[in-house]
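# Pasting the sequence and the predicted coordinates here, then a few questions.
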Amino acid sequence: MYDCVIMRTLVYIFAHAFMNELVGCTTLDLQDDEIVDYYVSFLKSLTLKLTEETVNFFFNDKFKTFPLYH
């Protein structure tokens, strides 16, 4: 039951364009080591949650881009 709730939550979060905007954010100050550390940790934890179902939410079919692969 718990796994089902977690998976539904992840699908809901990943299905909205907000996550792509957050991953592809260009306004981050990447000169600040602390921000870079948090951003990299976020990306690592995000990729650990990807499955065959959720990875498709990150592909932008309109622009043929994949924000996790820059």
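Now that the structure is in, tell me what you want to look at.

# Next, give phi and psi for Glu52.
Backbone geometry at Glu52, expressed as degrees, to the nearest 10, gives phi -60, psi -30.

# and what of Leu50?
Reported as degrees, to the nearest 10, the phi and psi values for Leu50 are phi -70, psi 140.

# and what of the one 10 residues further on?
Dihedral pair for Asn60: phi -90, psi 100, per degrees, to the nearest 10.

# Equivalent analysis for Thr65, please.
phi -120, psi 160.

# Just give the nearest non-adjacent residue to it, would you?
Setting aside the residues directly before and after it, Thr65 is nearest to Phe59 in space (Cβ to Cβ, 6 or more residues apart in numbering), at 7.6 Å. To be clear about C-beta, it is placed using only N, CA and C from the backbone, and glycine gets the same treatment.

# quick one: low-confidence parts of this structure?
1-2, 16-18, 20, 67-70 (pLDDT under 70).

# which residues sit in contact with Val36?
Going by Cβ atoms under 8 Å, 6 or more residues apart in numbering, Val36 touches Leu30.

# My guess is Val23 contacts Phe58. True?
Yes. If you go by Cβ atoms under 8 Å, Val23 and Phe58 touch, sitting 7.2 Å apart.

# so Phe42, which of the three states?
At Phe42 the chain is in helix, as set by DSSP: H, G, I helix; E, B strand; the rest coil.

# Check which helices and strands the helix or strand Asp3 falls within is in contact with.
According to DSSP states H and E, Asp3 maps onto helix 2-15. Applying 3 or more Cβ pairs under 8 Å, 6 or more residues apart in numbering; DSSP states H and E, one finds that helix 2-15 makes contact with no other helix or strand.
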